[in-house]
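1. give me the fold of what follows.
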Amino acid sequence: MAKVTAWMIPTVSVIMANYNAADHVLAALKSVLAQSIPEVEILLADDASTDASITIARQIAAADPRLIILESDTNAGPAAVRNRALDVAKGEWVAIVDSDDIIHPQRFERMLSAARALQTEAIADDLTYLIDDTVHPNMTLLGDVRFVNPQTLTAQNFLSTTPRAPELGYLKPMFRADALNGLRYREDIRIGEDNDFYIRFLLNGGQMHLLPESYYLYRRHAQSLSHRMCPEDVQTMITVLDDTLIRYPNLSDDLKAAFAARRAALQTPLAFETLAQNIKAGRYVSATGDLIRKPALLGPLGRVAKDRFAWPLKKPAKQTGLTTNPSDWTAQDWSANQATRS
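-> Numbering: from 1, shown residues only. Predicted coordinates:
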């Protein structure tokens, strides 16, 4: 454990929302506390968990005062608990880390070095997928998108509807705290609150860069393949786009076109989630009507069915030298992992 003093001012405040993550929160917390930069604080913002995750966190906090637990008796969603943590964060930088993910021991050091060299206000890296406790270095958020030098991100990047373009809303950036200027998450959004937060940060004049490297293991659960949004979730995402256009009336024509394209692109998932809800509820006449009106929905419906049946049959990928224990990671291991992605 890093030596900690009572007067230590954190360089990085880590915002970690938690809800029933008992199976993974220990690894997540340890990976943050093991950072090569010891001046960190973790604000574990709990969302009224009913499992043992808070008990686990308390045991760690008793040994390391850098972990601060913000408990709640009411489940309010990740946006609300993140806002509570943002309100009390003391760090020069604010980093988002989820309670079931793992970060490389030098993530903050490397990203801060890059951010300062770029003189940027927010810095993000690629996400490497962690599935069934196996690291998959060739499966990342950016996928086939390859670049060598850090890239400047704009609101248009987060609105992109280009086929196979990565959904950048999944990124876990670090923000210079004073550049947020009081920005907070919309608490009425259950899905897509990150994407909205990043877009508004950029529309407010914030600067953000994306690194080609990945220092973040993003956990994908088997059950997530069968998770479905409801039509109300998608409609809320459309409403958020409309609200943003109202709030920022002086956008360029290109940005307005990007918002319009994103809004139009959400019409398909809205129709699909309506179809899925009808099938799940046994409303087969309505579901048939959905398919008659929009036969293109047969494609994604088939892919979802295939994924759900294929998942139990998939064999774990061969380990590549990286494990989910941060203490096992070395600079050589991580360099090798990056080389497989080039």
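
2. would you pull up how far stretch 136-152 lies from the middle of the chain?
-> Taking the mean of its C-alpha atoms, stretch 136-152 sits 15 Å from the chain's own mean (Cα atoms, centre = their mean, to the nearest Å).

3. mean confidence score for it?
-> Mean per-residue pLDDT for stretch 136-152: 91.

4. cool, and stretch 172-180?
-> The pLDDT scores in stretch 172-180 average 98.

5. who touches that stretch?
-> 12-13, 86, 89, 91-98, 101, 108, 111-112, 115, 121-124, 127, 198, 201, 206-208, 216, 218 (Cβ atoms under 8 Å, 6 or more residues apart in numbering). For the C-beta atoms, the positions are set from N, CA and C on the backbone; glycine is no exception.

6. can you pull out the strands in the protein?
-> Listed in chain order, the strands of the chain (DSSP state E) span 12-18, 40-46, 67-70, 93-96, 102-103, 122-131, 134-140, 151-153, 174-176, 208-220.

7. among those strands, which comes closest to residue 263?
-> strand 151-153 (20.5 Å; Cβ to Cβ).

8. hmm, who's touching that closest one?
-> 124, 168, 198, 202, 207, 208, 209, 210, 212.

9. between the residues you listed, which is nearest residue 137?
-> Looking across the contacts of strand 151-153 and measuring by Cβ to Cβ, the closest to residue 137 is residue 212, at 13.6 Å.

10. I'd guessed the closest one sits against residue 146; true?
-> Yes: if you go by Cβ atoms under 8 Å, residue 212 and residue 146 touch, sitting 7.5 Å apart.

11. of these two, who's got more company?
-> residue 212 (17 against 9; other Cβ atoms under 10 Å).

12. so how far is residue 164 from the more buried one?
-> Distance of residue 212 to residue 164, given as Cβ to Cβ, to the nearest Å: 18 Å.

13. before we move on, back to that, same list, the strands of the chain, but as a markdown table with distance to residue 291 please.
-> What follows is those, written out as a markdown table (distance: least, Cβ to Cβ, whole Å):
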| stretch | distance to residue 291 |
| --- | --- |
| strand 12-18 | 37 |
| strand 40-46 | 42 |
| strand 67-70 | 46 |
| strand 93-96 | 39 |
| strand 102-103 | 41 |
| strand 122-131 | 31 |
| strand 134-140 | 32 |
| strand 151-153 | 38 |
| strand 174-176 | 44 |
| strand 208-220 | 29 |
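
14. between the ones you listed, which has the poorest mean confidence score?
-> For these, the weakest mean pLDDT is recorded on strand 134-140, namely a mean of 87.

15. which strands and helices sit next to that strand?
-> Under the contact definition 3 or more Cβ pairs under 8 Å, 6 or more residues apart in numbering; DSSP states H and E, strand 134-140 sits against strand 122-131.

16. could you export the strand it packs on as CSV, CA atoms only?
-> Once non-C-alpha atoms are left out, strand 122-131 reads as follows in CSV (Å, rounded to 0.1, in the frame of the first residue of the first chain):
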residue,chain,number,x,y,z
ALA,A,122,-9.6,15.8,-20.8
ILE,A,123,-7.8,12.7,-21.8
ALA,A,124,-9.2,9.2,-22.7
ASP,A,125,-7.7,5.9,-23.8
ASP,A,126,-9.0,2.8,-25.6
LEU,A,127,-10.9,0.1,-23.6
THR,A,128,-9.7,-3.5,-23.7
TYR,A,129,-12.5,-6.0,-23.2
LEU,A,130,-12.4,-8.3,-20.1
ILE,A,131,-14.8,-11.3,-20.6
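
17. who does it pair up with?
-> strand 134-140 (antiparallel), strand 174-176 (antiparallel), strand 208-220 (parallel) (DSSP bridges).

18. ok, longest helix in the chain?
-> Ranked by number of residues, the top helix in the chain under DSSP state H is helix 231-247.

19. in that helix, which residues are buried?
-> With burial defined by 16 or more other Cβ atoms under 10 Å, the residues of helix 231-247 counted as buried are 231, 233, 234, 236, 237, 238, 240, 241, 244.

20. TSV please, covering the residues you listed and showing distance to residue 17 and pLDDT.
-> Formatted as TSV, the buried residues of helix 231-247 follow (distance: Cβ to Cβ, whole Å; pLDDT from 0 to 100):
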residue	distance to residue 17	pLDDT
231	25	79
233	18	83
234	22	84
236	19	90
237	19	89
238	24	91
240	19	95
241	24	96
244	23	97
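
21. closest to the centroid, which residue in the protein?
-> For the chain, the residue nearest the mean C-alpha position is residue 170 (3.7 Å; Cα atoms, centre = their mean).

22. for that one, give me its contacts.
-> Contacts of residue 170 (Cβ under 8 Å, 6+ apart): 127, 141, 194, 218.

23. switch to 10 Å and redo it
-> Residues in contact with residue 170 (Cβ atoms under 10 Å, 6 or more residues apart in numbering) are 124, 127, 141, 194, 195, 218.

24. how about these, which pair is most distant?
-> Across the contacts of residue 170 (Cβ to Cβ), the longest gap, 15.2 Å, separates 195 and 218.
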